[in-house]
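> please find the sequence and the predicted model below.
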Amino acid sequence: MLTPVLRDRLRLPLIAAPMTAVSGPELVIAACRGGVIGSFPAHNARTTEELDAWLTRIAAALDTDGAPVAPNLVVHRSNPRLADDVACLARHRVPLVITSVGSPAAVLGPLRDAGCLVFADVASMRHVDRALALGVDGLVLLTAGAGGQTGWHNPLAFLRAVRRRYDGPLVLAGGIADGAALLAAQVAGADLAYMGTKFIATEESMAGAEYRAALVAATLDDITQTSGPTGLPANLLAGKVDPDAGAGQSTGFRFDVIAGATEVWAAGHSVCGVDAVLGVAELIERTHREYSAAAEAMTRNHIY
Ligand SMILES: Cc1cc2nc3c(=O)[nH]c(=O)nc-3n(C[C@H](O)[C@H](O)[C@H](O)COP(=O)(O)O)c2cc1C
């Protein structure tokens, strides 16, 4: 169940996922205006000062309209900006912060004190137990097929396993190719879902034209999983990277690698739903139509 601050201004139960080198203020503002939670990694702003400017700009553009903004923090120990970025997000009293790549233990206190909700991303039941023991406000379940840093559990099984022990907010990350998949995530127990790859191929994303065109041309079979670039399993567009490069030699996750990542083209299984580069507003409208059509079809076909 979502708190009213997250739920009340949504047109769809959707988060435009945080994506390195892809999500910036234009994408976030357009998503929030369309009624979708707009997320971006804090490290996409080159410095904490720039992060501060981005948050000011986003708040001014949205005023009191639109869905909430949800900055993402990489909480891994190799992130040298973490304390400064946390202080900046706390100053701006953002409604929701999503942590990734590590334990949110160090950031929970200061963010909570500032009134921010904190969701942690998790990829295993061990991560789930740890995050719940810390008292996070919600979980993002990274599942097999998610673009970029990925999970490995099947989305349906992972959702049901977590629902057996937690009735708080759950976000499904991975495999949401259209509005029908979004409805399916809700039916399986998610309160919200991430859409990442679909938002790369939008006019407002920071991705280059070649990257967007490659996503339009790609099929599901073009996604490959590697642990090369960051030392963690990631889904990328094959052809752009050698999936074996760096495999087995990894020295572990490094923040500087992800923060500077423009060389790899990350994408998830949901690439199967990318057939054009759209404006964010158009993508949201289309997803809404698909979601409504799926809900109607489900009612019609619910005969067993
Ligand atoms: C290009 C790209 C960059 C990403 N960067 C981040 C990131 O900086 N922080 C993060 O928490 N997740 C990151 N992710 C993961 C997404 O937030 C999300 O889990 C994923 O896109 C969901 O799968 P989908 O792309 O199939 O919708 C990234 C994903 C992609 C495709």
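Noted; the coordinates are in hand.

> any idea which residue of the stretch 151-300 of the chain lies closest to the ligand?
Gly196 (2.0 Å; C-beta to the nearest ligand atom). Heads up, the C-betas are built off the backbone N, CA and C, glycines and all.

> can you give me the strands in the stretch 101-250 of the chain?
For the stretch 101-250 of the chain, the strands defined by DSSP state E, counting those that start in this stretch occupy 117-122, 138-142, 148-149, 170-173, 192-195, 223-226, 234-237.

> what's the closest of the ones you listed to Val28?
Closest to Val28 of those, according to C-beta to C-beta: strand 192-195, at 13.6 Å.

> partners of that closest one, with directions?
Next to strand 192-195 in the sheet, as set by DSSP bridges, lie strand 14-16 (parallel), strand 170-173 (parallel).

> what about that strand, average pLDDT?
Strand 192-195 carries an average pLDDT of 98.

> likewise stretch 133-153?
In this model, stretch 133-153 has a mean pLDDT of 96.

> flag every buried residue along that stretch.
136-151, 153 (16 or more other C-beta atoms under 10 Å).

> can you pull out the low-pLDDT segments for the stretch 51-200 of the chain?
For the stretch 51-200 of the chain, no stretch has pLDDT under 70.

> how far does the helix ranked longest in the chain sit from the chain's center?
What stands out as the longest helix in the chain, according to DSSP state H, is helix 280-301. Remark: helix 280-301 is offset 20 Å from the chain centroid, using C-alpha atoms, centre = their mean, to the nearest Å.

> could you pull out the buried residues of that helix?
280-281, 283-284, 286-288, 290-291, 294.

> what sits against Asn72?
Counting by C-beta atoms under 8 Å, 6 or more residues apart in numbering, Asn72 touches 18, 39-42, 97-100.

> and the nearest residue to Ser124 once chain neighbours are set aside, what is it in contact with?
Distances taken as C-beta to C-beta, 6 or more residues apart in numbering put His153 closest to Ser124, at 7.2 Å, once the chain neighbours are dropped. When contacts are counted by C-beta under 8 Å, 6+ apart, His153 touches 123-124, 141, 143-144, 161.

> between those residues, which is nearest the ligand?
Thr143 (8.4 Å).

> so that closest one is in contact with Leu172, correct?
Yes - using C-beta atoms under 8 Å, Thr143 is in contact with Leu172, at 6.7 Å.

> any common contacting residues for the two?
Common neighbours of Thr143 and Leu172 (criterion: C-beta under 8 Å, 6+ apart): Pro155.

> which parts of the stretch 201-304 of the chain sit against the ligand?
Within the stretch 201-304 of the chain, the positions adjacent to the ligand are 266-270 by C-beta under 6 Å from any ligand atom.

> please repeat the previous calculation with a cut-off of 8 Å.
The stretch 201-304 of the chain comes close to the ligand at residues 207, 235, 258, 261, 265-271, as judged by C-beta under 8 Å from any ligand atom.

> how much space between Gly208 and Val74?
Noted for Gly208: a distance of 23 Å to Val74, by C-beta to C-beta, to the nearest Å.

> no wait, Leu108
Taking C-beta to C-beta as the measure, Leu108 falls 15 Å from Val74.

> just Arg160 next, same as before
With C-beta to C-beta as the criterion, Arg160 and Val74 are 28 Å apart.

> neighbour count winner among those two?
Val74 (23 against 12; other C-beta atoms under 10 Å).

> who's that one bridged to?
Going by DSSP bridges, Val74 forms beta bridges with Ser100.

> so it touches Val101, yeah?
Yes - using C-beta under 8 Å, Val74 is in contact with Val101, at 5.0 Å.

> count the residues that sit near Tyr166.
Tyr166 sits with 16 neighbouring residues when counted by other C-beta under 10 Å.

> okay, it and Ala120: tell me how far apart.
The gap separating Tyr166 from Ala120 is 12 Å, by C-beta to C-beta.

> now, which of the buried residues of stretch 133-153 lie close to the ligand?
Applying C-beta under 8 Å from any ligand atom to the buried residues of stretch 133-153, those adjacent to the ligand are 140, 142, 145-150.

> stretch 211-224: end-to-end distance?
16 Å (C-alpha to C-alpha, to the nearest Å).

> quick one: it to chain centroid distance?
So, by C-alpha atoms, centre = their mean, the centroid of stretch 211-224 is 19 Å from its chain's centroid.

> please apply the same query to stretch 296-304.
30 Å.

> thinking again about what came up before, just give me the neighbour total for the residue of the stretch 151-300 of the chain closest to the ligand.
25.

> mind listing what it touches?
By C-beta under 8 Å, 6+ apart, the residues touching Gly196 are 16-17, 19, 146-148, 173, 268, 270.

> 7 Å instead?
Counting by C-beta atoms under 7 Å, 6 or more residues apart in numbering, Gly196 touches 17, 19, 147-148, 268.
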